[in-house]
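Engineer: Starting from these lines, generate the structure:
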Amino acid sequence: MQRKRFLKKIWVRLPFKPTLRFFLAYVLRLGFLDGKAGYIYARLLSQYEYQIGVKLYELQYGGRLNKATDLDRVTDPAPIAATPASLDPIPQPEA
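Structural biologist: Numbers count the residues shown, from 1 in each chain. Next comes the predicted model:
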């Protein structure tokens, strides 16, 4: 139990966690012996680790990753209206 706690403390502070996760799954745990399935599994683990990092960053800094600023907003107040021609189905070529 103490060993797991120690490893978790170290893992949280490591740089390049997604790359390390891929290396651990694919090389050290012999994922390359499974062929394409092992590669895909290692990539998914790596991507999952990346998503965890993004979410933690988002939570730590108040979720500013997905919020638009005033400069990012469109300044054109006129909405795009649908014209009758744009509602017509795509014409099919005649046979």
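Engineer: Please count neighbours and contacts with C-alpha atoms only from this point.
Structural biologist: OK.
Engineer: what stretches of this protein score poorly on pLDDT?
Structural biologist: Across the chain, the ranges flagged by pLDDT under 70 are 64-91, 95.
Engineer: Which helix or strand contains residue 56?
Structural biologist: Using DSSP states H and E, residue 56 maps to helix 36-60.
Engineer: Which of the residues in that helix are classified as buried?
Structural biologist: For helix 36-60, the buried set under the neighbour-count rule, 16 or more other Cα atoms under 10 Å, comprises 38, 39, 40, 41, 42, 43, 45, 46, 47, 49, 50.
Engineer: could you say what helices and strands it packs with?
Structural biologist: Here helix 36-60 touches helix 17-23, going by 3 or more Cα pairs under 8 Å, 6 or more residues apart in numbering; DSSP states H and E.
Engineer: So what touches the helix it packs on?
Structural biologist: 11, 42, 43, 45, 46, 47, 48, 49, 50 (Cα atoms under 8 Å, 6 or more residues apart in numbering).
Engineer: Widest-spaced pair of the residues you listed?
Structural biologist: Farthest-apart pair in these is 11 and 43; separation 18.4 Å (Cα to Cα).
Engineer: export the buried residues of helix 36-60 to TSV and tack on distance to residue 4?
Structural biologist: As requested, the buried residues of helix 36-60 are exported to TSV (distance: Cα to Cα, whole Å):
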residue	distance to residue 4
38	25
39	26
40	27
41	23
42	22
43	24
45	19
46	20
47	23
49	18
50	21
